[in-house]
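S.K.: mind folding the following:
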Amino acid sequence: MKAIGRLMLCAKHQQYARVERQKAAYAAGEYQPNPEKEKLSQRGDGYVFRYAPYHPLAMCSGYVLEHRYQAHTKYGAGDQKCHWCNTALTWKTVEVDHLDWVRNNNDPANLVTACKVCNNTRKTGCELDEPPAPPSPTANKLMSLARSFRD
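M.R.: Reported below is the predicted structural model:
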């Protein structure tokens, strides 16, 4: 236990108090984090997380999705607009869209803000010049065979 003022805080609440002070200082522009010292980790689905508990978009665990961190740095803290349909968004409703669909490519030039509808309806490869390849005859035979077992 450590005393802060007249309060005694356990280790968990000391960490919480430190993070809250960092958040307030970051919002006031007084805290400049060192991104090189922040821990990065990658999930199995390809998304990268950054440990930045002071950040306004941080989850309770202290981690921020790296693409949201980079987009917040690029576009700022204010209200946003959907890149595709110009719908007004806040950071609570914004979805950050990877233009090249690569989840771990968090280059700010590859990231745009999008509304949920636009982000979910934009399909992989829809902006490519080449149409998707038709299914092979083998795939068609397998599907018809699977249907015959189902019936």
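
S.K.: how distant is the longest helix along the chain from the center of its chain?
M.R.: With residue count as the measure and DSSP state H as the assignment, the chain has helix 11-27 as its longest helix. Taking Cα atoms, centre = their mean, to the nearest Å, the mean C-alpha location of helix 11-27 is offset from the chain mean by 22 Å.

S.K.: so H83 sits right up against A114, yeah?
M.R.: Yes - between H83 and A114 there is a contact at 5.6 Å, judged by Cβ atoms under 8 Å. Just so you know, the C-beta spots here come from the backbone N, C-alpha and C atoms, and that holds for glycine as well.

S.K.: now the common contact residues for the two.
M.R.: Common contact partners of H83 and A114 (Cβ atoms under 8 Å, 6 or more residues apart in numbering): D97.

S.K.: so between those two, which is more surrounded?
M.R.: A114 (24 against 17; other Cβ atoms under 10 Å).
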